[in-house]
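Chemist: Sequence isn't available, so here's the structure alone:
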(Lines give C-alpha, C1' and ligand atoms only; values in the text may rest on other atoms or scores of the structure.)
Protein backbone atom coordinates (compact mmCIF):
# COMPACT_ATOMS: atom_id res chain seq x y z
CA UNK A 1 0.00 0.00 0.00
CA UNK A 2 1.29 3.44 -0.89
CA UNK A 3 0.98 6.45 1.39
CA UNK A 4 -1.43 9.22 0.39
CA UNK A 5 0.59 12.42 0.13
CA UNK A 6 -0.95 15.74 1.10
CA UNK A 7 -4.32 14.40 2.27
CA UNK A 8 -6.62 16.90 4.00
CA UNK A 9 -7.59 16.27 7.61
CA UNK A 10 -10.36 18.31 9.25
CA UNK A 11 -12.28 18.04 12.47
CA UNK A 12 -15.96 17.38 11.82
CA UNK A 13 -16.72 20.71 13.50
CA UNK A 14 -14.48 22.45 10.95
CA UNK A 15 -12.56 24.32 13.65
CA UNK A 16 -9.17 22.72 12.92
CA UNK A 17 -7.42 21.25 9.92
CA UNK A 18 -4.12 19.75 8.81
CA UNK A 19 -2.45 18.37 5.69
CA UNK A 20 -0.46 15.15 5.65
CA UNK A 21 3.14 15.27 4.47
CA UNK A 22 4.67 13.58 1.42
CA UNK A 23 4.75 10.27 3.33
CA UNK A 24 1.07 10.53 4.34
CA UNK A 25 1.81 11.17 8.01
CA UNK A 26 0.32 13.94 10.11
CA UNK A 27 0.06 15.06 13.71
CA UNK A 28 -3.21 16.54 14.96
CA UNK A 29 -4.41 18.03 18.22
CA UNK A 30 -7.93 16.86 18.99
CA UNK A 31 -10.13 16.09 21.98
CA UNK A 32 -11.52 12.64 22.84
CA UNK A 33 -14.77 12.15 20.96
CA UNK A 34 -13.75 14.47 18.09
CA UNK A 35 -14.19 13.05 14.60
CA UNK A 36 -11.48 13.61 12.01
CA UNK A 37 -12.41 13.59 8.33
CA UNK A 38 -9.58 12.50 6.03
CA UNK A 39 -9.93 13.18 2.31
CA UNK A 40 -7.82 13.13 -0.82
CA UNK A 41 -8.48 12.86 -4.55
CA UNK A 42 -9.26 10.14 -5.83
CA UNK A 43 -10.18 8.40 -2.55
CA UNK A 44 -13.34 8.00 -0.50
CA UNK A 45 -13.40 10.03 2.72
CA UNK A 46 -12.46 8.27 5.93
CA UNK A 47 -13.68 9.13 9.42
CA UNK A 48 -11.74 8.59 12.64
CA UNK A 49 -13.27 9.12 16.08
CA UNK A 50 -10.63 10.01 18.67
CA UNK A 51 -11.02 7.58 21.60
CA UNK A 52 -10.91 8.38 25.30
CA UNK A 53 -7.47 7.30 26.54
CA UNK A 54 -6.76 6.18 30.10
CA UNK A 55 -2.96 5.90 29.90
CA UNK A 56 -1.28 8.74 28.05
CA UNK A 57 -2.53 11.28 25.63
CA UNK A 58 -1.12 10.11 22.30
CA UNK A 59 -3.12 8.02 19.85
CA UNK A 60 -1.54 6.43 16.78
CA UNK A 61 -3.73 5.08 13.98
CA UNK A 62 -3.14 3.71 10.52
CA UNK A 63 -5.85 5.00 8.20
CA UNK A 64 -6.43 3.27 4.89
CA UNK A 65 -8.25 5.24 2.22
CA UNK A 66 -10.21 3.31 -0.40
CA UNK A 67 -9.81 4.29 -4.07
CA UNK A 68 -12.85 5.92 -5.64
CA UNK A 69 -13.50 5.25 -9.29
CA UNK A 70 -15.90 7.25 -11.40
CA UNK A 71 -17.17 6.25 -14.82
CA UNK A 72 -17.55 9.23 -17.10
CA UNK A 73 -19.85 9.31 -20.08
CA UNK A 74 -18.19 9.57 -23.47
CA UNK A 75 -18.29 13.03 -24.99
CA UNK A 76 -18.72 13.12 -28.73
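Modeler: Yep, that arrived. Given the structure is predicted, the values throughout are model-derived calculations rather than measurements.
Chemist: Listing request: residues of the protein with sub-threshold pLDDT.
Modeler: In the predicted model of the chain, residues 56 satisfy pLDDT under 70.
Chemist: Name all residues that make contact with the nearest residue to residue 39 once chain neighbours are set aside.
Modeler: Among residues not flanking residue 39 along the chain, residue 45 sits closest, at 4.7 Å (Cβ to Cβ, 6 or more residues apart in numbering). All C-beta spots, glycine's among them, are computed from the backbone N, C-alpha and C. Residues near residue 45 by Cβ atoms under 8 Å, 6 or more residues apart in numbering: 37-39.
Chemist: Check the gap between residue 45 and residue 23 for me.
Modeler: 20 Å (Cβ to Cβ, to the nearest Å).
Chemist: Same check on residue 31?
Modeler: Going from residue 31 to residue 23 by Cβ to Cβ gives 26 Å.
Chemist: Number of residues surrounding the residue nearest to residue 22 when sequence neighbours are not counted?
Modeler: Leaving aside its sequence neighbours, residue 22 sits nearest to residue 5 (Cβ to Cβ, 6+ apart; 4.9 Å). Counted with other Cβ atoms under 10 Å, the neighbours of residue 5 add up to 13.
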